[in-house]
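Colleague: Generate coordinates for the sequence data below:
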Amino acid sequence: MSLVDRRFAAQLRTGTGKSVVFDDAGCLAGWIQESGAVVGAAWVASFTEPHEWLPAERALYLQSDTLRTPMASGLAALRAGPEADSVLAALGGRLLSWPEVLAMPHHHAPPAGT
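Modeller: Next comes the predicted model:
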């Protein structure tokens, strides 16, 4: 898969070792909700350092209408602390934990073959 904007990328490894890449953290969360697959690990790209992967469960997620994300979730992953506070102050919105992101309604069909 080709990523549209690396700042919003996400990936996971299933319990069987298969890797799945997503354009958007919202798609990752939707896939987890809809697929029923066992997730071994999940990561999200740092919005401010796109080549750095953060464990999905330890990141904070800025949800903002000002973010134009590839799949329209409006979610950007950030490190907790000053980074998240600074981006929130600059862009507005609200900060969410991974369980809160997973609890949101998402619509994403599982990739073929998973």
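Colleague: contacts, neighbours, all on C-alpha from now
Modeller: Will do.
Colleague: Show me what the lowest-mean-pLDDT helix or strand in the chain packs onto, helices and strands only.
Modeller: None of the helices or strands of the chain scores lower by mean pLDDT, DSSP states H and E than helix 25-35, at a mean of 91. With contacts defined as 3 or more CA pairs under 8 Å, 6 or more residues apart in numbering; DSSP states H and E, the secondary structure elements packing on helix 25-35 are strand 10-14, strand 75-78, helix 98-103.
Colleague: continuing past it, what's the next helix or strand?
Modeller: Elements were assigned by DSSP states H and E; along the chain past helix 25-35, the next helix or strand is strand 39-45.
Colleague: Give me the helices and strands touching whichever helix or strand comes after that following strand, please.
Modeller: In the C-terminal direction, the helix or strand that comes right after strand 39-45 (DSSP H and E) is strand 53-55. If you count contacts as 3+ CA pairs under 8 Å, 6+ apart, strand 53-55 packs onto strand 39-45.
Colleague: if we go to 10 Å?
Modeller: Using 3 or more CA pairs under 10 Å, 6 or more residues apart in numbering; DSSP states H and E as the contact criterion, the secondary-structure elements in contact with strand 53-55 are strand 10-14, strand 39-45, strand 75-78.
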